[in-house]
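> coords below, sequence missing:
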């Protein structure tokens, strides 16, 4: 079984190819990622890497518990991990603590 750190590294390293996979798996979410990346002036792969880094840095204990629950029984825990982090980043992007400006200044 892969360790969580291994999953986080895999999620970060696969961020570039993630969007192509996501477009086939969930075109609506892929569109949300594209729009969020454009708003923040980032390429989609870079935005996805930021999502992973932001989750690792800012996610609450409850967010981590939700992530662990999501990947625990999933046949593809790496993809589930990355999807959860992307969903999390999309939902917190309007929060001042998690905004691009705050993260850059941190």
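In hand now; what should we look at? Only a predicted model underlies this, so the values are computations on that prediction, with no experimental measurement involved.
> now residue 43, nearest residue through space, not along the chain?
Nearest residue to residue 43, sequence neighbours excluded (Cβ to Cβ, 6 or more residues apart in numbering): residue 37, at 6.4 Å. Placement of C-beta: from N, CA and C, glycine included.
> got it, and residue 87?
Distances taken as Cβ to Cβ, 6+ apart place residue 29 nearest to residue 87, at 7.7 Å, with adjacent residues excluded.
> please identify which helix or strand holds that neighbour.
Using DSSP states H and E, residue 29 maps to helix 27-39.
> picking up where we left off before, pretty sure the residue nearest to residue 87 sits against residue 82.
No: between residue 29 and residue 82 there is no contact under Cβ atoms under 8 Å: 11.3 Å.
> okay, those two: which has more neighbours?
Remark: of residue 29 and residue 82, residue 82 carries more neighbours, 26 against 15, as counted by other Cβ atoms under 10 Å.
> right, and the more buried one touches residue 21 too?
No: here residue 82 does not reach residue 21: they are 9.3 Å apart, not a contact under Cβ under 8 Å.
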